[in-house]
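Q: Here is the input, now give the coordinates:
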Amino acid sequence: MGKRPKNREPLELQIERLAFGARGVARKDDFVWFVDRAIPGQKVLAKPRRTRKSYGEAYVIEVLEPSPFQVEPPCPYFGVCGGCQLQHLDYEKQIQAKTEQIQDILQRLGGISDVKVKDCIPCESTYGYRNKMEFTFSDRRWVFDDEPPDVPKNFALGLHVPRRYDKVINIDECHLQSEICNRILRATKTLIKETGLPPYNIKNHQGFYRFLVIREGKNTGEILLNLITSGQFEEGQNEVGKLAEKLLKKHPELTTFIHSISDKQAQIAFGDSEQILLGSGKIQDKIGDRVYEISPNAFFQTNTKQTEILFKTICKLADLKGDEIVHDLYCGTGAIGIYLANKVKKVWGIEMIADAIENAKRNVELNGLTNLEFILADMKDALRDIRDLAMNVESPDVVILDPPRGGTHPKTIKHLLNLGSPKIVYVSCNPAILARDLQILCEKQYKLMDVQPVDMFPHTGHIETVTLLHHI
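A: I've put the predicted structure just below:
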């Protein structure tokens with residue numbers, strides 16, 4: 001390990017590989033650097049942002065030599081917007097890097113070296129794949145270097161600049177959502193400006209317009225718009241009502257329009273109250289032959305088409321025969337259990353969010369299923385309580401474990417070991433926590449059989465991983 005650099009002068013760095021999180025990795029004087037926006041094969045001039053004992057973080061000032069894997073990003077906001085990090089890297093190389101990252105993390109953090117990670121499954125559509133986008137309003141627009149000085153700076157509707165919570169890029173299109181959603185975004189922005197009501201200021205908490213959420217049923221064509229405002233202006237409700245009418249005339253494909261109100265200071269695109277101005281307030285989408293109802297705040301996998309690939313991967317690894325009892329842990333709105341219900345005898349879903357359970361039950365009704373039941377419980381206690389309280393829940397043949405990004409609670413892993421299911425299919429979007437849990441599970445009771453990454457979010461650093469464990 002090299003010595004920690006003492007100054008922050010720009011450095012010439014040769015980028016060797018891509019680390020998890022989409023940062024380039026370089027070594028100089030035997031010291032490791034993680035470089036934002038850098039890709040393998042580039043030689044860059046980088047400015048150190050901060051240094052630690054064993055590594056440093058930097059960002060690219062100039063590309064001195066391009067990478068052979070470098071491509072031209074289609075988005076004009078790339079490099080400033082925080083939505084994508086890898087549009088300038090050839091997609092095949094992205095997939096290769098994600099496979100290597102999972103192999104590295106499992107070995108380095110989990111001590112797992114005897115299982116070869118399968119090649120990451122690519123996404124067929126690398127743009128326009130997102131079924132949900134959240135855009136932020138601001139009166140503090142990010143100003144580009146080449147802009148004329150007289151362009152107004154007090155309105156933005158778009159995405160945040162990384163590390164700048166108070167600055168928003170005013171965008172007219174995002175390549176990660178469909179063109180129809182981009183047209184609706186532009187039309188909404190134009191109509192909102194005509195109302196004369198101001199965007200929200202994150203510092204003094206004054207203003208009206210806060211967030212715009214667009215959700216699209218990729219397999220149904222239905223579109224939901226949720227406009228979130230403050231409650232500060234008496235005329236606001238009337239103006240939003242007129243806006244909804246005008247927008248529907250421009251875009252009759254709009255299925256439902258909701259006006260939500262939040263006066264909380266937290267910058268979260270979630271209303272304390274809502275009024276449905278158009279439609280039912282919900283849309284539907286399909287994964288395979290299953291129908292799912294999506295309300296404004298319901299969780300639903302963001303890449304609909306690739307979610308079907310993910311669910312097929314889960315079913316393939318689980319090798320379902322039709323007579324299994326399945327425990328779907330962290331089941332959310334029940335999407336996985338509902339998808340595989342006709343392939344098993346019974347699914348027990350466990351989730352701690354009451355609204356998610358209600359959505360799950362509604363989706364079960366929509367699909368006419370009778371072999372799913374849901375338990376509202378905190379996952380860190382649920383498996384213990386099921387056993388200790390002698391609840392009428394059959395022991396599982398297969399456990400599907402799909403925790404949120406924050407990962408599993410240590411108690412959940414402990415109770416999972418006590419449960420002793422013959423098979424566990426562990427689905428994770430957090431490779432570091434996955435490695436930690438696999439190390440514990442495989443210490444005595446389980447053997448890791450398969451590791452299959454799935455790319456749910458092209459051009460970003462995110463990776464979904466499906467693993468299969470057999471009880472030994």
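Q: Next, work out how far apart the one residue sitting closest to the centre of the chain and Pro76 are.
A: Nearest to the mean C-alpha position of the chain, by Cα atoms, centre = their mean, lies Thr302 at 6.5 Å. With distances defined as Cβ to Cβ, to the nearest Å, the gap from Thr302 to Pro76 amounts to 23 Å. Heads up, the C-betas are built off the backbone N, CA and C, glycines and all.
Q: ditto for Asn342
A: 46 Å.
Q: in the stretch 51-200 of the chain, which spans are helices?
A: Under the criterion DSSP state H, counting those that start in this stretch, the stretch 51-200 of the chain contains helices at 91-110, 179-195.
Q: Show me where the stretch 351-472 of the chain has its strands.
A: Taking DSSP state E, counting those that start in this stretch to define them, one finds strands in the stretch 351-472 of the chain at 372-376, 398-401, 423-428, 446-454, 464-471.
Q: for the stretch 201-350 of the chain, what spans make up the helices?
A: If you assign secondary structure with DSSP H, counting those that start in this stretch, the helices in the stretch 201-350 of the chain sit at 236-250, 304-318, 335-340.
Q: Could I get those in JSON lines, plus columns for mean pLDDT, distance to Tyr91 and mean neighbour count?
A: Shown next, in JSON lines, are the helices of the stretch 201-350 of the chain (pLDDT from 0 to 100; distance: least, Cβ to Cβ, whole Å; neighbours: other Cβ atoms under 10 Å):
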{"stretch": "helix 236-250", "mean pLDDT": "95", "distance to Tyr91": "34", "mean neighbour count": "17"}
{"stretch": "helix 304-318", "mean pLDDT": "97", "distance to Tyr91": "13", "mean neighbour count": "20"}
{"stretch": "helix 335-340", "mean pLDDT": "96", "distance to Tyr91": "26", "mean neighbour count": "25"}
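Q: wait, which of the ones you listed is closest to Glu16?
A: Nearest to Glu16 among these is helix 304-318; the distance by Cβ to Cβ comes to 28.9 Å.
Q: starting at the chain centroid, how far to the closest one?
A: Centroid separation between helix 304-318 and its chain, computed with Cα atoms, centre = their mean, to the nearest Å, is 17 Å.
Q: the inter-axis angle of that helix versus strand 446-454?
A: With axes from the mean of the first three to the mean of the last three Cα atoms, to 10 degrees as the criterion, the two stretches helix 304-318 and strand 446-454 enclose an angle of 160 degrees.
Q: quick one, which of the helices of the stretch 51-200 of the chain is nearest to Leu310?
A: When these are ranked by proximity to Leu310, the top entry is helix 91-110, at 14.1 Å, counting by Cβ to Cβ.
Q: any weak-confidence spans in the stretch 251-400 of the chain?
A: Scanning the stretch 251-400 of the chain for pLDDT under 70 picks out the ranges 388-391.
Q: please redo it, this time with the cut-off set to 80
A: Residue ranges of the stretch 251-400 of the chain with pLDDT under 80: 386-392.
Q: Stretch 36-44: end-to-end distance?
A: End-to-end distance for stretch 36-44, by Cα to Cα, to the nearest Å: 11 Å.
Q: Give me the residues contacting it.
A: Under the criterion Cβ atoms under 8 Å, 6 or more residues apart in numbering, residues 12-18, 23-24, 26, 35, 46, 49, 57-70, 79, 85-86, 88-89, 93, 97 lie in contact with stretch 36-44.
Q: What mean pLDDT does that stretch get?
A: Here the mean pLDDT over stretch 36-44 is 96, rounded to a whole number.
Q: and what of stretch 424-438?
A: For stretch 424-438, mean pLDDT rounds to 96.
Q: Nothing else from me, thank you.
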